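Engineer: Got a predicted model here, sequence first, then my questions.
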Amino acid sequence: MGVPKRKSSKQKIRQRRSANANLVVPNLSECPQCHEFIVPHTVCSVCGYYKNKEVLKIKA
Ligand SMILES: [Zn+2]
């Protein structure tokens, strides 16, 4: 069985982990009311709408 010859240095481990850090894309959907990007299945924090109904009063 192949065994690593040397222990991975802290630098190498951190380089490997940080290389994938910016690949995580936040899943956002568009609000049908104000067309802002919002977290899916939540009330829009910009206009207060959810499923085409106003459920929150947003103070303008
Ligand atoms: Zn909205």
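Structural biologist: Cool, got the structure.
Engineer: quick one: secondary structure of the residue most central in space within the chain?
Structural biologist: Central residue of the chain (Cα atoms, centre = their mean): residue 26, 2.3 Å from the mean position. What DSSP: H, G, I helix; E, B strand; the rest coil gives for residue 26 is coil.
Engineer: quick one: contacts for it?
Structural biologist: By Cβ atoms under 8 Å, 6 or more residues apart in numbering, the contact list for residue 26 is empty. In short, each C-beta sits where N, CA and C put it, glycine included.
Engineer: One more: residue 41?
Structural biologist: Contacts of residue 41 by Cβ under 8 Å, 6+ apart: none found.
Engineer: and with 10 Å instead?
Structural biologist: 29, 50, 51 (Cβ atoms under 10 Å, 6 or more residues apart in numbering).
Engineer: So residue 54 sits against residue 34, correct?
Structural biologist: No: the pair residue 54 / residue 34 is not scored as a contact, 11.4 Å apart, by Cβ atoms under 10 Å.
Engineer: Tell me the spacing between the residue nearest to the centre of the chain and residue 33.
Structural biologist: 20 Å (Cβ to Cβ, to the nearest Å).
Engineer: try residue 42
Structural biologist: Counting by Cβ to Cβ - residue 42 and residue 33 are separated by 13 Å.
Engineer: higher neighbour count, those two?
Structural biologist: Remark: of residue 42 and residue 33, residue 33 carries more neighbours, 16 against 9, as counted by other Cβ atoms under 10 Å.
Engineer: Spatially nearest residue to that one, not counting backbone neighbours?
Structural biologist: residue 49 (4.1 Å; Cβ to Cβ, 6 or more residues apart in numbering).
Engineer: So that neighbour is in contact with residue 43, correct?
Structural biologist: Yes: contact criterion Cβ under 10 Å: residue 49 and residue 43 qualify, at 7.2 Å.
Engineer: shared neighbours, the two?
Structural biologist: Shared contacts of residue 49 and residue 43, defined by Cβ under 10 Å, 6+ apart, comprise 31, 55, 56, 58.
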